[in-house]
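>>> coords please:
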Amino acid sequence: FVSGLTYDYPEVIRPALQIHHTAKGAVRAAGVYIMIVGDKTYFFTDATVNIDPTAEDLAEIACLAADFARKMEIEPRVAFLSFSNFGSTPHSLSDKVRKAVELTRKRCNFVMDGEMQADTAVVNEIADERYPFSEVRDANVLVFPSLESANIAYKLLARLGNAKAIGPILLGMGAPVQVIQTGDEVNDIVEMAAIAVMDAMNHK
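Residues are numbered from 1 along each chain as shown. All right, here's what the predicted structure looks like:
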């Protein structure tokens, strides 16, 4: 099911969750954008579903996004983003992200670290010089602390950085349901239809 050309996100996602619920083993659904920047591919999550995720929510979102990256045959290197680097700025918001890392390590198996600033996550030299203990270099799955930060980041990168954005791709849904954006062009719809087909194959 692909919908959304003339609807807002909630009008598509809400009834889909009411009817099909989340996938087996998933407590929450989440959204991810594939961001293609030059010859690199990144996964931005969650820019679609969870407005103010808890640490537990972030852990699930990270696992869903990392699993999706593997389905795309990309080995995930997951960075949990914040305004703080590894406790440099103590605050309840950065504490939430740090807790999410701890929870994720207990439930999923992939390279991850955080909390860290966005440039620390994607610029190897910063991590090498300042945070050599970090497990992550050149992160390709970026877990944002809130929907607003993820949404702002992907839109700015697409509009000002000329990145290719594919999404929003729904993860953790109980059925192959995908949402397109209001006013999407034909190519965008075709891309999301292809994602929905892949999703349907995985549900089988």
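
>>> The protein: strands as residue ranges?
Along the chain, the stretches classed as strands by DSSP state E are 2-3, 30-37, 40-45, 77-81, 111-116, 141-143, 164-171, 178-179.

>>> Would you point out the helix or strand in the protein whose mean pLDDT is lowest?
Least confident helix or strand of the chain, by mean pLDDT, DSSP states H and E, is helix 9-20 with a mean of 84.

>>> Extract the residue ranges of this protein that are flagged as low pLDDT.
203-204 (pLDDT under 70).

>>> try 80
7-9, 183, 202-204 (pLDDT under 80).

>>> Need the residue closest to the centroid of it.
T45 (1.7 Å; CA atoms, centre = their mean).

>>> hang on, isn't that one packed against M35?
No - checked against CB atoms under 8 Å, the pair T45 and M35 is beyond contact range at 10.6 Å. The C-beta positions use only the backbone N, C-alpha and C, and glycine is treated the same way.

>>> correct me, but D46 touches L147?
Yes - taking contacts as CB under 8 Å, D46 lies within contact range of L147: 6.0 Å.

>>> who's more crowded, these two?
D46 (30 against 19; other CB atoms under 10 Å).

>>> re earlier: name whatever forms a beta bridge with the residue nearest to the centre of the chain.
Judged by DSSP bridges, the bridge partners of T45 are V32, V143.

>>> quick one, helices of the protein?
9-20, 55-71, 92-107, 118-122, 124-130, 147-160, 186-203 (DSSP state H).

>>> Can you check which of those helices gets nearest to A30?
The closest of these to A30 is helix 55-71. By CB to CB, the value is 4.4 Å.

>>> Check which helices and strands the closest one sits against.
strand 30-37, strand 40-45, strand 77-81, helix 92-107, strand 141-143, strand 164-171 (3 or more CB pairs under 8 Å, 6 or more residues apart in numbering; DSSP states H and E).

>>> tally of neighbours for the closest residue to D128 other than its chain neighbours?
Counting by CB to CB, 6 or more residues apart in numbering, D128 lies nearest to R137, which is 7.7 Å off, once chain neighbours are set aside. For R137, the neighbour count with other CB under 10 Å is 17.

>>> shouldn't R137 be in contact with R77?
Yes - the criterion here is CB under 8 Å, and R137 meets it with R77 at 7.1 Å.

>>> Now do the contacts for the nearest residue to K99 once chain neighbours are set aside.
Residue nearest to K99 in three dimensions, not counting chain neighbours: A55, with 3.9 Å by CB to CB, 6+ apart. Listed by CB atoms under 8 Å, 6 or more residues apart in numbering, the contact set of A55 reads 96-97, 99-100, 103.

>>> hmm, try it at 10 Å
By CB atoms under 10 Å, 6 or more residues apart in numbering, A55 lies in contact with 80, 95-104, 145.

>>> Closest one to S88 out of these, please.
The closest of the contacts of A55, once distances to S88 are taken by CB to CB, is R98, at 11.1 Å.

>>> ok, that closest one to L160 distance?
Using CB to CB, to the nearest Å, we find R98 at a distance of 30 Å from L160.
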